[in-house]
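1. give the three-dimensional model of this entry:
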Amino acid sequence: MKKMIAKELTAKQVADNIGYCGLVCSFCHEADHCNGCKSVNNSCGRYLSETGCFQYNCCKEKGINGCWECKDAPCKEDMFSEHHNIRNRTFVKCAKEEGIEKLAEYVLTNQQNGIQYGWNKDYDILNSEQAVFDLLHNGVKSKFAK
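-> Coordinates of the predicted model:
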């Protein structure tokens, strides 16, 4: 699968390709050769690591579509640990509160308007969950960037 351009996608397509941990696989830097963690060609580094991806394994074990369906999410493990960026935790909270389709709509609209998704891009340089929520909801870069 080639990395999709935002204007080529619908919110439903983006929602269908959000990883268990809340990563938006459609806009991932690995999307040129990976269809996401729910696909047969999952090439996510965490998934392929020796210990595997905690969120992937946990969701598969629980039979849920993503962490947003878990009553305990976001937990403090792996992608949600304090040593990881706050984007994933916030995306899962957004999906839990507003639905996965709404999260996809926010990210897609923002992507189309120049808010960049991806490692060390616009969502990752924010210093609080509230700033990530503000960016999702308003499409305006926060004064709270690191």
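
2. residue contacts, the residue positioned nearest the centre of the chain?
-> Nearest to the geometric centre of the chain sits residue 23, at 2.2 Å (C-alpha atoms, centre = their mean). Counting by C-beta atoms under 8 Å, 6 or more residues apart in numbering, residue 23 touches 37, 44, 79, 88, 91. From N, CA and C alone the C-beta is placed, and that goes for glycine too.

3. then residue 25?
-> So residue 25 contacts 17-19, 31, 34-38 (C-beta under 8 Å, 6+ apart).

4. just give the nearest non-adjacent residue to it, would you?
-> Leaving out its chain neighbours, the residue that sits closest to residue 25 by C-beta to C-beta, 6 or more residues apart in numbering is residue 36, at 3.2 Å.

5. and if you look at residue 77?
-> Closest to residue 77 by C-beta to C-beta, 6+ apart is residue 54, at 4.6 Å.

6. neighbours of the one you found, how many?
-> Applying other C-beta atoms under 10 Å, we find 18 residues neighbouring residue 54.
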